[in-house]
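Student: sequence and predicted structure, then a few things I'm wondering about:
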Amino acid sequence: MDKSTSLFRPSPENPPVKPPQTKPAPKHINRHAPLWMIASNILNRAGGFIILLVLGHGFSPDLLARYFAALVSISVAVSLTQAGCGPLLVRLAQYRQWRSISFIVAIRMTVALIAIAWIAPQLPPIAWPVLIMPFAAAISPDWLVSARLQFNKILFVGAFGQLAGLGVALYATKLASGPSWLYATAPAISAASCVASFWVAFAKSSAAAPAPATVPHPKPAGSLPVKIWPQLVAFTLLAGLLPNIDMALLPASLPQAQQDALLLVHRLLLLAAAMISAISGVLFAQNRHVGRWDFWLILPAIGMALVLLAAPQIALELLFGHSHNNEVGLVRIASFWPLLLALVIRQILLLQERSGHLGTMCIAGIIIVAGAALIAMCDSAIGIMVAMNVKLVVLASILYLAARFGPLRGKSSCRT
């Protein structure tokens, strides 16, 4: 027999070739991970509500007003410090780009210190404890916990922070002799959450951050391309800006009753936006953006929309203790908003790591800002809410077309 034929016979020198076996899904991918973030979001909201009740029964309205004014001022510094870098840090940790991470964290710390120096003279000395909040946000390694997909530990971090805030609030209302401890409540939450994040992130039992499940670039590499960074950060900033910018530009000519009803309904929508944001953060960290994983993002949004459409009185009574006819009508009109926001966030998840979509991001930013300016020209609360829905429809359509047909400029390759 021909020797070349004998080469294919099983022998000690030529063992039989085993058929390729399908590898199981990675053990670090938890299909129920979004539930942990939903639970964490609910826990933080419930903790904040309880702390607010404790403070409301212990301090006069004028003191609380000054405390909340200080929190509003410092929240600007916290936003500047974070600057949309969370998802970028998550992905860099999964690619093990520790030098880049150190550089970004150093920038965040520098921005925090500058913001603290800028805001401190504008606050009374009694409110200075809130100044630790930007620095805690800058150094907190919560992004590393997300990169490791340890979403159950994020629930622990949130619980630890809320318990610390509740303890300070109880001490401020029951034992403290003055209002100084009032201003330590929110900083206690930030500091405790930061400490818990460090403990979880750098515990010896913590596993390394898993690499992305699928590399989202045309040519897989060992690092996240620098050209992706700007649009990743910019899309994150736009997603954070979207739920709030319309209310920031409300027309002064709007009747006070309609303005109050609109702000109340907006608080409902912010709860839905926080839930959608938490779920999208999980999907981003797991790199599960498309296909069968959409239900984690879309189904909760549909559920929230149906509740607001079918039972607006129950939602208002449950959260605010009252429901008026004008508020009920606005809630029904606003019921489509959570689903439209989820569709926009889905498209952002698809686009933010595809090269060549910086132009798409600029167009989306123009739509968001220009839409808010046009909404400010409406003379009724119903018109404003309808315009908010229309703006999300336009934005989702533009982002869908960009994902479907590729970058608006250039010939960069992208996934579809």
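Tutor: Great, that's in hand.
Student: what's near enough to touch the spatially most central residue of the chain?
Tutor: The geometric centre of the chain, computed from its C-alpha atoms, lies nearest to residue 277 (Cα atoms, centre = their mean), at 4.0 Å. Shown in contact with residue 277 (Cβ atoms under 8 Å, 6 or more residues apart in numbering): 239-240, 345. In this view, the C-beta of every residue, glycine as well, is placed from N, C-alpha and C.
Student: one more time with 7 Å, if that's ok
Tutor: With contacts taken as Cβ atoms under 7 Å, 6 or more residues apart in numbering, residue 277 has no neighbouring residues.
Student: do you know how far it is from residue 74?
Tutor: 21 Å (Cβ to Cβ, to the nearest Å).
Student: remind me which residues of this structure are low pLDDT?
Tutor: For the chain, the stretches with pLDDT under 70 are 1-33, 204-222, 288-293, 319-322, 407-416.
Student: which one's the longest helix in it?
Tutor: In the chain, with assignment by DSSP state H, the single longest helix is helix 256-286.
Student: domain ranges for the protein?
Tutor: 33-201, 226-405 (automatic domain parsing).
Student: please compute how far the last one lies from its chain's middle.
Tutor: The one in question is domain 226-405. 12 Å (Cα atoms, centre = their mean, to the nearest Å).
Student: surely residue 157 is in contact with residue 195?
Tutor: No. With contact defined as Cβ atoms under 7 Å, residue 157 does not count as touching residue 195 (9.2 Å).
Student: which of the two has more neighbours?
Tutor: Neighbour comparison, residue 157 and residue 195: the larger count goes to residue 157, with 24 against 16 (by other Cβ atoms under 10 Å).
Student: how close does the more buried one sit to residue 378?
Tutor: Residue 157 is 41 Å from residue 378, by Cβ to Cβ.
Student: same question, residue 370
Tutor: Separation of residue 370 from residue 378 (Cβ to Cβ) stands at 14 Å.
Student: out of the two, which sits in the more crowded spot?
Tutor: residue 378 (17 against 11).
Student: give the contact list for the more buried one.
Tutor: Neighbours of residue 378 in contact, by Cβ under 7 Å, 6+ apart: 384, 387.
Student: all numbers from here: first residue = 14
Tutor: Happy to do that; since the first residue is 14 now, the last one works out to residue 391.
Student: how much space between it and residue 272?
Tutor: In terms of Cβ to Cβ, residue 391 sits 12 Å off from residue 272.
Student: over to residue 341?
Tutor: Using Cβ to Cβ, we find residue 341 at a distance of 17 Å from residue 272.
Student: quick one on the thing from earlier: which parts of the longest helix of the chain are buried?
Tutor: 271-272, 274-275, 277-279, 281-282, 284-286, 288-299 (16 or more other Cβ atoms under 10 Å).
Student: same question for stretch 70-79.
Tutor: Those buried within stretch 70-79 under the rule 16+ other Cβ under 10 Å are 71-72, 77, 79.
Student: and if you look at stretch 311-323?
Tutor: In stretch 311-323, counting by 16+ other Cβ under 10 Å, buried: 311, 313-314, 317-318, 320-321.
Student: ok, now stretch 173-181?
Tutor: Buried, per 16+ other Cβ under 10 Å, within stretch 173-181: 173-175, 177-179, 181.
Student: of all those, which two lie farthest apart?
Tutor: Farthest pair in the buried residues of stretch 173-181 (Cβ to Cβ) is 173 and 181. Separation: 13.0 Å.
Student: that older thread, give me the angle between the helix or strand following the longest helix of the chain and helix 269-299.
Tutor: Toward the C-terminal end, the helix or strand that comes next after helix 269-299 (DSSP states H and E) is helix 308-323. With axes from the mean of the first three to the mean of the last three Cα atoms, to 10 degrees defining the directions, helix 308-323 sits at 160 degrees from helix 269-299.
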